[in-house]
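Trainee: Have a look; sequence and predicted model below, questions after that.
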Amino acid sequence: MKVSRTENIIRGLLIVLAVFFFMMPIFWLVSTSFKFGRDAFAIPPKWIFFDWTLSSWRDVLENSKVGRYLTNSLIISLGTTALSLLLGVPAGYAIARSRSRLLNTSSYFFLLLLMIPPIAMLIPFYLLMRDLHLLGTYASLIILDTVFNAAFVVWMMRSYFQDVPREMEEAALVDGASPWQSFVKVALPLSVPGIIASALYCFIFSWNDFLFALMLTSPKTKTIPLGILASFSAVEISWGRMAAMSIFAIIPAVIISLFLNRYFVQGLTMGATKG
């Protein structure tokens with residue numbers, strides 16, 4: 001069906017408005033990181049024409065521990081993602097291929113787990129990690145984040161593996177492959193978009209985690225969200241420093257999402273929409 005010129009113009013305008021709407025917070029962060037404190041909340045707002053300064057960036061790079069915060073966040077996020085995939089992908093495959101009604105029904109337990117408010121599990125996990133002498137370590141935060149992330153991976157990969165034709169795996173079994181070889185060489189390659197989408201979700205969730213990190217980390221294992229919190233003090237709120245730290249916080253996730261965006265969209269649309 002031929003689209004008229006007017007419809008193309010309207011569609012283009014809507015796209016521009018949507019991009020403008022979603023990019024406004026990013027633009028506010030970038031501009032605020034170059035402003036003096038007096039200009040951060042000036043009325044009317046100074047979006048472009050203001051006195052520029054690099055003091056906030058200089059303060060972040062010279063006086064803060066942004067490198068350590070980023071390293072800690074990276075270790076915890078990658079550890080959580082790897083452990084969640086290691087546990088969730090085989091579990092999702094097992095549920096998808098099981099002929100047991102009880103096992104298939106049990107998959108809703110993972111969905112129920114995702115509905116529990118994270119703060120409701122914070123105190124029990126805090127006491128558990130204290131008794132295991134894991135408070136302040138990377139392991140405590142990785143384990144707790146994995147509880148939620150692995151549940152999501154199981155639910156999503158169960159739906160994704162259900163879209164993989166059983167006939168292809170049965171053909172591999174007829175050719176002499178073992179069930180494990182059928183899983184590794186047939187099911188996994190066909191499910192790469194779903195695995196990447198799950199990995200991105202796990203990474204971003206763990207990277208942005210604030211509540212668990214606040215309670216379970218030590219000064220040596222603090223993550224980048226807690227570094228942003230350091231911009232608040234009893235004397236003042238350094239909005240410029242907070243904006244600069246926030247930019248450091250979003251850059252890794254944005255870069256990874258840009259490179260894997262195609263797989264992320266395909267994985268979500270093919271896997272998470274079925275159940």
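Mentor: Perfect, thanks for sending it.

Trainee: only C-alpha atoms for contact and neighbour calcs from this point on.
Mentor: Will do.

Trainee: What's the first helix or strand after the helix or strand containing residue 204?
Mentor: Here residue 204, judged by DSSP states H and E, is contained in helix 192-208. Per DSSP H and E, the first helix or strand lying C-terminal to helix 192-208 is helix 211-216.

Trainee: Give the buried residues for that following helix.
Mentor: For helix 211-216, burial by neighbour count (16 or more other Cα atoms under 10 Å) applies to 212, 213, 216.

Trainee: Please enumerate the helices of the stretch 151-275 of the chain.
Mentor: For the stretch 151-275 of the chain, applying DSSP state H, counting those that start in this stretch gives helices covering 166-174, 179-182, 188-190, 192-208, 211-216, 224-229, 239-267.

Trainee: Indicate which one of the ones you listed is closest to residue 130.
Mentor: helix 211-216 (9.2 Å; Cα to Cα).

Trainee: and for that closest one, what are the contacting residues?
Mentor: Defining contact as Cα atoms under 8 Å, 6 or more residues apart in numbering, one finds that helix 211-216 is touched by 119, 122, 126, 135, 136, 137, 140, 141, 144, 222, 223, 226.

Trainee: So for residue 151, which of the helices of the stretch 151-275 of the chain sits nearest?
Mentor: Nearest to residue 151 among the helices of the stretch 151-275 of the chain is helix 192-208; the distance by Cα to Cα comes to 10.3 Å.

Trainee: how far off helix 239-267 does that closest one point, in degrees?
Mentor: 160 degrees (axes from the mean of the first three to the mean of the last three Cα atoms, to 10 degrees).

Trainee: would you put the C-alpha positions of stretch 121-135 in CSV?
Mentor: What follows is stretch 121-135, C-alpha atoms only, in CSV (Å, rounded to 0.1, in the frame of the first residue of the first chain):
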residue,chain,number,x,y,z
MET,A,121,14.4,-10.2,50.5
LEU,A,122,17.0,-7.7,51.5
ILE,A,123,17.0,-8.3,55.3
PRO,A,124,17.0,-12.2,55.1
PHE,A,125,19.8,-12.1,52.6
TYR,A,126,21.7,-9.6,54.7
LEU,A,127,21.5,-11.9,57.7
LEU,A,128,22.5,-14.9,55.6
MET,A,129,25.5,-13.2,54.1
ARG,A,130,26.5,-12.0,57.5
ASP,A,131,26.4,-15.5,58.9
LEU,A,132,28.4,-16.7,55.9
HIS,A,133,31.0,-13.9,56.4
LEU,A,134,30.4,-12.6,52.8
LEU,A,135,29.3,-9.1,53.7
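
Trainee: buried stuff in it?
Mentor: 122, 125, 126, 129, 134, 135.

Trainee: pLDDT (mean, whole number) over it?
Mentor: Mean per-residue pLDDT for stretch 121-135: 89.

Trainee: repeat for stretch 220-228
Mentor: Model confidence over stretch 220-228 averages 90 on the pLDDT scale.

Trainee: tell me the mean pLDDT for the helix holding residue 204?
Mentor: 89.

Trainee: Equivalent analysis for stretch 45-53, please.
Mentor: On average, stretch 45-53 scores 78.

Trainee: Let me know the distance separating residue 259 from residue 5.
Mentor: 33 Å (Cα to Cα, to the nearest Å).

Trainee: err, residue 40, not the other one
Mentor: Taking Cα to Cα, one finds residue 40 at 42 Å from residue 5.

Trainee: of these two, who's got more company?
Mentor: residue 40 (20 against 9; other Cα atoms under 10 Å).

Trainee: Tally up the residues packed near the closest residue to the more buried one other than its chain neighbours, please.
Mentor: Spatial nearest neighbour of residue 40, excluding adjacent residues (Cα to Cα, 6 or more residues apart in numbering): residue 32 at 5.8 Å. By other Cα under 10 Å, 25 other residues sit near residue 32.

Trainee: Report the contact partners of residue 32.
Mentor: 40, 239, 240, 243 are the contacts of residue 32 under Cα under 8 Å, 6+ apart.

Trainee: The closest residue in space to residue 138 that isn't next to it in sequence: helix or strand, and which one exactly?
Mentor: Distance criterion Cα to Cα, 6+ apart; nearest residue to residue 138, sequence neighbours excluded, is residue 76 at 6.2 Å. Take DSSP H and E as the rule and residue 76 turns out to sit in helix 66-97.
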